[in-house]
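A.B. asks: Please find the sequence and the predicted model below.
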Protein chains: 4
Amino acid sequence: MDQSFPDWRNYCQITALGEHDITLRMPFRPTLLRAGGTISGPAMMGLADTAAYFCTLAQAGPVASAATANLDIHFLSRPKPVDVTAIATMLRLGRRLSVCTVDLWSDGERVAHATVTYALPPR
Amino acid sequence: MDQSFPDWRNYCQITALGEHDITLRMPFRPTLLRAGGTISGPAMMGLADTAAYFCTLAQAGPVASAATANLDIHFLSRPKPVDVTAIATMLRLGRRLSVCTVDLWSDGERVAHATVTYALPPR
Amino acid sequence: MDQSFPDWRNYCQITALGEHDITLRMPFRPTLLRAGGTISGPAMMGLADTAAYFCTLAQAGPVASAATANLDIHFLSRPKPVDVTAIATMLRLGRRLSVCTVDLWSDGERVAHATVTYALPPR
Amino acid sequence: MDQSFPDWRNYCQITALGEHDITLRMPFRPTLLRAGGTISGPAMMGLADTAAYFCTLAQAGPVASAATANLDIHFLSRPKPVDVTAIATMLRLGRRLSVCTVDLWSDGERVAHATVTYALPPR
């Protein structure tokens, strides 16, 4: 990540790494808000996408050119203006595709659930 | 939009409004890029979400508090570093939900297809 | 269920009921197969839909007229010609929508992951 | 299709074939109904899946072993107990994946919209 996306630590931190999962935290900053005082949808979609990307790299190795093929996200409740935690879990790592779920948590509540497919480069 | 999101014109423009659809253009700017020189996934997801929001407001009236319930996006090819056009089409406007498709085009090519559901406030 | 869908026990059985989840088993029968000797996609989609429906009724009460609004399913590996188990978990039960995830398991392996939204009748 | 799925004509008919799309008709039969007199969700999901499969084969050639990777369907209104027409349109045919949209129509009304991804065998 440091090679391909040198700025990523400004945006989120890895707080745990399991055998099939990874946990990220996106610290709150006011630019993440939308009208109504809630974290914006694009900020949450970006975090879900990033968490699935990190989970894919953690399992598949340094495939920096992996690209999102599909992201499906369900917003469950409006996140408060605080840090958001993302837990990405690998459901299947194939030769050509990875499929992860990502749950986003805020203030002890699950605020969104995503399923994210990455297309992997030939390895 | 000018009341609820005063800055929106910095981000995109409405270029056409039909009976069931709306067309937006997101002008290129370098901050939309990700590594590899392609428009970032979150930028495209944000544009798809915004286009569905505008389409919903154009059909349902000024329901600024409408909130995304679900967004499903398929990335079809990597967009070039140019303007992206979004065409949102209303599939169904119910009392409680709107469902739109959004196609994103770049340089004459469809680069993504999304289906977006908005939850509507009581009217 | 016995009132609204008297035949349901021919199709699947409830094997566990938790606070936020429900487990169903769909016994294998040859009519579930497609060419290639795997359980057909529509059979798995039907099971995921049913599991989310049962989970919704278990949490929301007897809302037999609840209707699927959205189903998103990712097929992870081809299920063998054996029983399939579905575990549906309620992510959010709102006034108007329920959102569940459903994991389908076959022979110790997760074969599909679905997210299912039901629209609830006024209560 | 006649080689791999000899029974398919009992289930649906191809009524049109375009450069990027295919149209199927699923004739009404009482076994497609669910309680409430509407076509069942699994019947509609099966039709959407089949239409995307046929569209993929029409474009990619005889890849009978193509398998559904993802199906996302939004139900828009309850179909009447009549024939259902499916129009599948290829959005992208890559080496490894095809992505189609499928619109289901019943009695002049769009009743569902699906996006379906097929994983293609090596060619």
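C.D. replies: Cool, got the structure.

A.B. asks: Could you pull up phi and psi at the residue nearest the centre of chain A?
C.D. replies: The residue lying closest to the centre of chain A (CA atoms, centre = their mean) is residue A:51, at 2.3 Å. Note on residue A:51: its backbone torsions stand at phi -60, psi -40 [degrees, to the nearest 10].

A.B. asks: for it, what are its contacts?
C.D. replies: By CB atoms under 8 Å, 6 or more residues apart in numbering or on different chains, the residues touching residue A:51 are A:22, A:24, A:86-88, A:100, A:102. Glycine gets a C-beta too; all of them are placed from N, C-alpha and C.

A.B. asks: for residue A:17, same thing?
C.D. replies: With CB under 8 Å, 6+ apart, residue A:17 has these contacts: A:23, A:58.

A.B. asks: Show me where chain A dips below the pLDDT cut-off.
C.D. replies: A:4 (pLDDT under 70).

A.B. asks: Show me which residues of it sit near chain D.
C.D. replies: Residues of chain A found near chain D, taking CB under 8 Å from any CB of the partner chain as the criterion, are A:69-70, A:72, A:96-97, A:117, A:119.

A.B. asks: out of those, what pair is the most spread apart?
C.D. replies: Using CB to CB, the residues of chain A next to chain D span at most 18.7 Å, a distance reached by A:72 and A:96.

A.B. asks: Which residue comes closest to the residue of chain A found nearest chain D once chain neighbours are left out?
C.D. replies: Closest residue of chain A to chain D, CB to the nearest CB: residue A:96 (5.2 Å). Distances taken as CB to CB, 6 or more residues apart in numbering or on different chains put residue D:96 closest to residue A:96, at 5.2 Å, once the chain neighbours are dropped.

A.B. asks: Might one say that residue A:49 is in contact with residue A:68?
C.D. replies: Yes. Between residue A:49 and residue A:68 there is a contact under CB atoms under 8 Å: 5.8 Å.

A.B. asks: Now the common contact residues for these two.
C.D. replies: A:116, B:41.

A.B. asks: on that earlier part again, just want the phi and psi numbers for the residue of chain A closest to chain D.
C.D. replies: phi -110, psi -20.

A.B. asks: swap in the one 4 residues further on?
C.D. replies: Its backbone dihedrals place residue A:100 at phi -120, psi 150, with angles given as degrees, to the nearest 10.

A.B. asks: who's more crowded, residue A:72 and residue A:96?
C.D. replies: More crowded of residue A:72 and residue A:96, by other CB atoms under 10 Å in any protein chain shown: residue A:72, with 26 against 18.

A.B. asks: Look up which helix or strand the more buried one falls in, please.
C.D. replies: strand A:67-75 (DSSP states H and E).

A.B. asks: anything in that strand near chain C?
C.D. replies: Yes. Part of strand A:67-75 sits near chain C under the criterion CB under 8 Å from any CB, namely A:72, A:74.

A.B. asks: do stretch A:19-27 as well
C.D. replies: No. Stretch A:19-27 does not reach chain C (CB under 8 Å from any CB); its nearest approach is 11.0 Å.

A.B. asks: Tell me the buried residues in that stretch?
C.D. replies: The neighbour-count check on stretch A:19-27 (16 or more other CB atoms under 10 Å in any protein chain shown) flags A:21-26 as buried.

A.B. asks: among the residues you listed, which are in strands?
C.D. replies: A:21-26 (DSSP state E).

A.B. asks: number of nearby residues for residue A:117?
C.D. replies: 24.

A.B. asks: Which strands and helices lie in contact with the helix or strand harbouring it?
C.D. replies: Element membership for residue A:117 (DSSP H and E) is strand A:109-119. Contacts defined by 3 or more CB pairs under 8 Å, 6 or more residues apart in numbering or on different chains; DSSP states H and E place strand A:109-119 against helix A:41-60, strand A:67-75, strand A:84-93, strand A:97-106, strand C:67-75, strand C:84-93, strand C:109-119.

A.B. asks: and residue A:107, what is it in contact with?
C.D. replies: A:79-80, A:82.

A.B. asks: Name the residues that touch stretch A:22-42?
C.D. replies: Counting by CB under 8 Å, 6+ apart, A:11-17, A:43, A:47, A:50-51, A:54-55, A:58, A:75, A:78-88, A:106, B:4-5, B:42-43, B:45-46, B:49, B:64-65, B:68, B:71 sit against stretch A:22-42.

A.B. asks: how about that stretch as CSV, C-alpha atoms only?
C.D. replies: Taking Å, rounded to 0.1, in the frame of the first residue of the first chain, the C-alpha atoms of stretch A:22-42 are listed here in CSV:
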residue,chain,number,x,y,z
ILE,A,22,-9.3,-7.2,8.3
THR,A,23,-10.6,-4.3,10.4
LEU,A,24,-10.1,-0.6,9.4
ARG,A,25,-10.9,2.6,11.1
MET,A,26,-11.8,5.8,9.3
PRO,A,27,-11.2,8.6,11.8
PHE,A,28,-13.9,11.2,11.8
ARG,A,29,-13.2,14.5,10.0
PRO,A,30,-15.7,17.2,9.2
THR,A,31,-15.3,16.8,5.4
LEU,A,32,-16.9,13.4,5.6
LEU,A,33,-20.3,14.9,6.6
ARG,A,34,-23.2,15.6,4.4
ALA,A,35,-26.2,17.8,5.1
GLY,A,36,-28.0,16.5,8.2
GLY,A,37,-24.8,15.8,10.2
THR,A,38,-24.4,12.2,9.0
ILE,A,39,-21.4,10.6,7.3
SER,A,40,-21.9,10.9,3.6
GLY,A,41,-22.8,7.8,1.5
PRO,A,42,-19.8,8.2,-0.8
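
A.B. asks: Now residue A:97: closest residue in space, sequence neighbours ignored.
C.D. replies: residue A:117 (5.7 Å).

A.B. asks: contacting residues for the one you found?
C.D. replies: Taking CB under 8 Å, 6+ apart, one finds A:68-71, A:97-99, C:74, D:69-70, D:117 in contact with residue A:117.

A.B. asks: bridging residues for it?
C.D. replies: residue A:70, residue A:99 (DSSP bridges).

A.B. asks: Just the buried residues of the contacts of stretch A:22-42.
C.D. replies: By 16+ other CB under 10 Å, the contacts of stretch A:22-42 give A:12, A:43, A:47, A:50-51, A:54-55, A:58, A:75, A:79, A:83-88, A:106, B:42-43, B:45-46, B:49, B:68, B:71 as buried.

A.B. asks: With only the CA atoms kept, save the strand holding residue A:117 in PDB.
C.D. replies: The C-alpha coordinates for strand A:109-119 follow below in PDB (Å, rounded to 0.1, in the frame of the first residue of the first chain):
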ATOM      1  CA  GLU A 109     -24.300   0.000  15.700                       C
ATOM      2  CA  ARG A 110     -24.000  -1.700  12.300                       C
ATOM      3  CA  VAL A 111     -24.700   1.200   9.800                       C
ATOM      4  CA  ALA A 112     -24.100  -0.600   6.500                       C
ATOM      5  CA  HIS A 113     -23.500  -4.000   4.900                       C
ATOM      6  CA  ALA A 114     -21.700  -4.400   1.600                       C
ATOM      7  CA  THR A 115     -20.700  -7.200  -0.700                       C
ATOM      8  CA  VAL A 116     -17.700  -6.400  -2.900                       C
ATOM      9  CA  THR A 117     -16.200  -8.300  -5.800                       C
ATOM     10  CA  TYR A 118     -12.700  -7.600  -7.000                       C
ATOM     11  CA  ALA A 119     -11.400  -8.700 -10.400                       C
END
